[in-house]
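Novice: Have a look; sequence and predicted model below, questions after that.
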Amino acid sequence: MPAENDDHQHRVPATTDGLLSLRQMEVFHAVMQARSITGASKVLTISQPALSRTIRRIEDLLGIALFARDRNGLVPTSEALEIYAEIDPLIRQLTGVGTQIGRIARGETAVFRVGSTASVARALVPQALRTLSVEVPGIELFFDVLPVDQIEEYLITGRGEAVVTIASLDHPLIEREHVGRVDLVAVIPKSHSLAARSVIHAADLADVDFISFAAGGAHQTIVDRFLSREKLKVNTRAVARFSDTALALANEAMGIVLVDYVTTLGPVGSNLVIRPIYNAPQFSISVLWNRRRSHSANLRKLIEIIAARLSALPPLP
C-alpha cells in the first residue's frame with residue numbers, strides 16, 4: 001500500500017522467511033494488473049478494505065513498501081516490479097490449470113465413446129449426440145454401431161462407456177436404465193395395396209409378403225409375439241440382420257417390414273410409406289453401462305437428452 005511515513009520503507013519482516021501464501025500472491029498480482037484497489041477488488045470480488053488489509057499484511061511480511069500513490073492510481077516500487085515478474089508466470093499457470101479443471105468437470109477433455117444398435121443409430125442417437133456436443137462444447141465423441149451379440153463384450157472390456165439399444169441384456173455387471181418406449185410400425189412399399197390405409201390392423205397383414213429379421217433378435221422377438229398374439233401367418237420373402245438392410249429390401253417392393261418407430265426417424269426409401277399399427281406392441285429403449293467401470297458426467301447428460309427426445313416424439317399421423 002502507499003507509504004504512510006518514511007518508517008514504512010524499513011519495516012522488520014513479521015516472519016523469518018518472508019514467504020507469501022498463494023492467496024496473497026493472487027491479491028498482489030491483481031493489484032499490480034489493475035493499478036488500483038478498486039479495480040482489483042472487482043476482479044477478485046472482495047471488499048476494498050479487505051484487499052487493502054491483505055496488501056498491508058504482505059508489506060509487513062516482506063518489510064518493504066510495494067506501492068506509492070499518485071493522481072493516476074498506485075505506482076509499484078521497483079521491488080514490487082521484481083516480485084511481479086516472479087509471480088506473474090505462476091498465476092498464469094494456475095489460471096490455466098483452473099481452466100483445464102473446469103473443462104474436465106464439464107466433460108470437455110476426455111473422449112466420450114458410446115455405442116448403439118442399428119435401429120436407434122439411424123437417427124435417435126446421432127440427434128442426441130449432436131445436442132450433447134452443443135451442451136458440452138469441445139467434447140470429443142466416438143460413436144460405434146454394434147450388433148446385439150457384441151454389446152456385452154463392448155461394455156465388459158471397456159471399449160465404450162454405454163450402449164443405447166432396444167435389446168435386453170441380462171448380465172450381472174451391466175446396469176440398465178429405461179429411457180422410453182416406442183410403437184411397432186409398418187413400413188410399406190407405395191405400390192402395395194396396404195399403403196392406402198391410414199392405420200394397419202393385424203388382420204390386414206394375413207398372408208402378405210414380409211421382410212423379417214433374424215430369429216431371436218430384438219425386432220423379431222417383438223414381431224413374432226405380435227404375429228402369434230394375432231394368430232397371423234405371413235410369407236417371409238427375405239431375412240435381414242439390420243434395419244437399414246430391411247428398409248432397403250422393402251424399398252425394392254419385396255415386402256412389408258415391421259420396425260420400431262425410431263428406426264423410421266432416419267432416412268427411409270423414397271418408395272416407402274410408414275403407417276401406425278392398431279394396438280401396436282411397444283419397444284423399450286434403454287441405456288446400458290458397466291456398473292464396475294467409472295463413467296463420466298456425459299453419460300448422465302446423454303441419458304437425459306435421449307429420454308427428453310423420446311418423450312417429445314410426435315405420434316405417427
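Specialist: Received the coordinates, thanks.
Novice: Let's verify the nearest residue to residue 153 once chain neighbours are set aside: helix, strand, or coil?
Specialist: Excluding the flanking residues, the one nearest residue 153 by C-beta to C-beta, 6 or more residues apart in numbering is residue 159, at 7.5 Å. Glycine gets a C-beta too; all of them are placed from N, C-alpha and C. Residue 159 carries the three-state label coil when classified by DSSP: H, G, I helix; E, B strand; the rest coil.
Novice: State the pLDDT value of residue 159.
Specialist: Here the pLDDT value assigned to residue 159 is 86.
Novice: Now it, what are its backbone angles?
Specialist: Backbone torsions of residue 159, given as degrees, to the nearest 10, read phi -60, psi -40.
Novice: Go ahead and confirm it touches residue 150.
Specialist: No: assessed by C-beta atoms under 8 Å, residue 159 is found out of contact with residue 150, at 9.1 Å.
Novice: What degree of burial does the residue nearest to residue 153 show, as a neighbour count?
Specialist: By the criterion of other C-beta atoms under 10 Å, residue 159 has 14 neighbours.
Novice: Repeat that for the one 5 residues further on.
Specialist: Applying other C-beta under 10 Å, we find 25 other residues in the vicinity of residue 164.
Novice: In a strand, it, correct?
Specialist: Yes: counting by three-state DSSP, residue 164 is found in a strand.
Novice: which residues touch it?
Specialist: Residue 164 makes contact with 114-117, 120, 124-125, 128, 179, 285-288, 302, 306, according to C-beta atoms under 8 Å, 6 or more residues apart in numbering.
Novice: can you pull the buried residues of stretch 75-87?
Specialist: Using 16 or more other C-beta atoms under 10 Å as the test for burial, stretch 75-87 gives 76, 77, 80, 83, 84, 87.
Novice: do stretch 219-231 as well
Specialist: Here stretch 219-231 shows 219, 220, 221, 222, 223, 226, 227 as buried, counting by 16+ other C-beta under 10 Å.
Novice: and those as a markdown table, adding secondary structure?
Specialist: A markdown table is the format used below for these (three-state DSSP):
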| residue | secondary structure |
| --- | --- |
| 219 | helix |
| 220 | helix |
| 221 | helix |
| 222 | helix |
| 223 | helix |
| 226 | helix |
| 227 | helix |
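Novice: and of those, the nearest to residue 139?
Specialist: Using C-beta to C-beta, residue 219 is the member of the buried residues of stretch 219-231 that sits closest to residue 139, with 31.0 Å.
Novice: Surely the closest one and residue 119 touch.
Specialist: Yes: with contact defined as C-beta under 8 Å, residue 219 reaches residue 119; the gap is 7.1 Å.
Novice: residues shared between the contacts of the two?
Specialist: Shared contacts of residue 219 and residue 119 (C-beta under 8 Å, 6+ apart): 166, 243, 259, 260.
Novice: got the residue ranges for the helices in the stretch 101-250 of the chain?
Specialist: Here the stretch 101-250 of the chain has its helices, by DSSP state H, counting those that start in this stretch, at 118-121, 124-135, 151-156, 218-229, 243-251.
Novice: Comparing those, which comes out most buried?
Specialist: For the helices of the stretch 101-250 of the chain, average neighbour numbers computed from mean count of other C-beta atoms under 10 Å are highest in helix 118-121, which has a mean of 27.
Novice: Low-confidence bits of the stretch 201-317 of the chain, can you list those?
Specialist: Low-confidence segments of the stretch 201-317 of the chain (pLDDT under 70): 317.
Novice: the strands in this protein, which residues?
Specialist: Secondary structure of the chain by DSSP state E: the strands cover 67-70, 73-76, 111-116, 140-145, 162-165, 174-189, 209-213, 235-240, 257-260, 272-276, 282-290.
Novice: how about the ones you listed, which one is nearest residue 203?
Specialist: Comparing the strands of the chain by C-beta to C-beta, strand 174-189 comes nearest, at 13.0 Å.
Novice: Packing partners of the closest one?
Specialist: Judged by 3 or more C-beta pairs under 8 Å, 6 or more residues apart in numbering; DSSP states H and E, the packing partners of strand 174-189 are helix 151-156, helix 218-229, helix 243-251, strand 257-260, strand 272-276, strand 282-290, helix 297-311.
Novice: What pairs with it, parallel or antiparallel?
Specialist: Strand 174-189 has its sheet partners listed here by DSSP bridges as strand 257-260 (antiparallel), strand 272-276 (antiparallel), strand 282-290 (antiparallel).
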